[in-house]
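Q: What would the 3D arrangement of this be:
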Amino acid sequence: MRRLLVASALLLCGCKAAEVAGPGAEAFRDVPVATPIGPIDSLFAVCWPLDALASQRVTLTFLDDGDVAFATAGGASNSSARCLREIASTWPWKERPKAPLTVALPTQPIDGWGALAWVRLLSPSRYGPERGLVDPAPLVRACIDRGGGPGPSLRFTVEAAMVKPGFVGTEAGRCVEAVLGSTAWPSSRDVFFEFATLKGAPEATGDVSPYFAPPGSVGALLDPQVVRETIRAAGPKVSACWNAALERRAGLGGGRSFRFQTNDAGQVTHAWVQGNLADGPAAADYLLDRCLADVLRGLRFGGLAGEGMYTWVFAARG
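A: Numbering: from 1, shown residues only. Next up is the predicted model:
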């Protein structure tokens, strides 16, 4: 538990530099700022590094010209201060604070919904939809609802805009990992958070069915040779899925395994992500998974009803 301590002397700084934007950032876009769901404090929490000391403080002063100055104390870094300043500058205040606002470390683990509210506040002005998800929270909520609710296993770290799950051995965990993998993070700063409750969560929207096995089973397994030949024939479509993913995430690579069911006509009726069956990392990316599931649903497997499985191994590009 981090304790709040008295702040030491402040060093006033009117810096305007923002944290370095994430990979592939574009020029700033003129978009309306979405109305936040949670409090600004839940967004401020993402600005503190894992090794920050409880004595650290940043004081934000709201200037008459609309700018925000920051002052650090107790060893707080300028990186944290710039992050806090950007949130405060972008936040759609009903009335801008007249008195200085002093921000300390959170006393609880960083809330995932606050981290995703940070994405929703800042990413739409940086990226278009071709760069990934700029409001991933409704999809994450859909993953968690479908998977039975939040829990301590849904813990994640984002380092240099790459997602590192704490534990994703569940369908809900794989679903959330993939959504976060497709997220257009607003900066390259490291963020660590967990989804322990639904407080601050939006309503669930979006299709997360590719992460959850359908009830029941049709029983018979499809001939692996038929599966390989049919899916390899769709190679150009799979390549298009992969190339689009690399446009968003140049460092993406690894295996992706799907199971699928077919009806009596051999048409795929449901396709879903399995735990990674290939050695090495998983290529976890919601938009890639959605594209691969669409490819599978467009195939016919020789007029056979049954279940099949296939793993792609995608090579990362430097």
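Q: all helices for the stretch 51-200 of the chain, in order.
A: Secondary structure of the stretch 51-200 of the chain (DSSP state H, counting those that start in this stretch): helices at 78-90, 112-122, 137-146, 171-181.
Q: Rebuild those helices as JSON lines, extending it with distance to residue 317, mean pLDDT and mean neighbour count.
A: Glycine gets a C-beta too; all of them are placed from N, C-alpha and C. What follows is the helices of the stretch 51-200 of the chain, written out as JSON lines (distance: least, Cβ to Cβ, whole Å; pLDDT from 0 to 100; neighbours: other Cβ atoms under 10 Å):
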{"stretch": "helix 78-90", "distance to residue 317": "29", "mean pLDDT": "96", "mean neighbour count": "21"}
{"stretch": "helix 112-122", "distance to residue 317": "25", "mean pLDDT": "95", "mean neighbour count": "25"}
{"stretch": "helix 137-146", "distance to residue 317": "26", "mean pLDDT": "96", "mean neighbour count": "23"}
{"stretch": "helix 171-181", "distance to residue 317": "16", "mean pLDDT": "93", "mean neighbour count": "26"}
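Q: Test my guess that residue 157 contacts residue 189.
A: No. Using Cβ atoms under 8 Å as the test, residue 157 is too far from residue 189 to be in contact (11.5 Å).
Q: and the two? which has more neighbours close in?
A: residue 189 (20 against 15; other Cβ atoms under 10 Å).
Q: Could you find the residue nearest the spatial middle of this protein?
A: residue 180 (2.0 Å; Cα atoms, centre = their mean).
Q: For the residue nearest to that residue when sequence neighbours are not counted, give me its contacts.
A: Spatial nearest neighbour of residue 180, excluding adjacent residues (Cβ to Cβ, 6 or more residues apart in numbering): residue 163 at 4.6 Å. Counting by Cβ atoms under 8 Å, 6 or more residues apart in numbering, residue 163 touches 156-157, 177, 180-181, 183, 284.
Q: Can you lay out those as a markdown table showing distance to residue 107?
A: Putting these into a markdown table (distance: Cβ to Cβ, whole Å) gives the following:
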| residue | distance to residue 107 |
| --- | --- |
| 156 | 20 |
| 157 | 20 |
| 177 | 27 |
| 180 | 25 |
| 181 | 30 |
| 183 | 26 |
| 284 | 31 |
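Q: Out of these, which is nearest to residue 274?
A: Nearest to residue 274 among these is residue 284, at 12.1 Å by Cβ to Cβ.
Q: low-scoring pLDDT stretches of the stretch 201-318 of the chain, where are they?
A: Low-confidence segments of the stretch 201-318 of the chain, defined by pLDDT under 70: 217-219, 276-279, 318.
Q: Can you get me a residue count around residue 59?
A: 20.
Q: you'd agree it is up against residue 70?
A: Yes. Contact criterion Cβ under 8 Å: residue 59 and residue 70 qualify, at 6.9 Å.
Q: returning to what we had before: what are the bridge partners for the residue nearest to residue 180, then?
A: With DSSP bridges as the criterion, residue 163 is bridged to residue 158.
Q: Could you report the pLDDT at it?
A: Looking at residue 163, its pLDDT reads 86.
Q: picking up where we left off before, which residues touch the residue nearest to the centre of the chain?
A: Taking Cβ under 8 Å, 6+ apart, one finds 136, 140, 156, 158, 163 in contact with residue 180.
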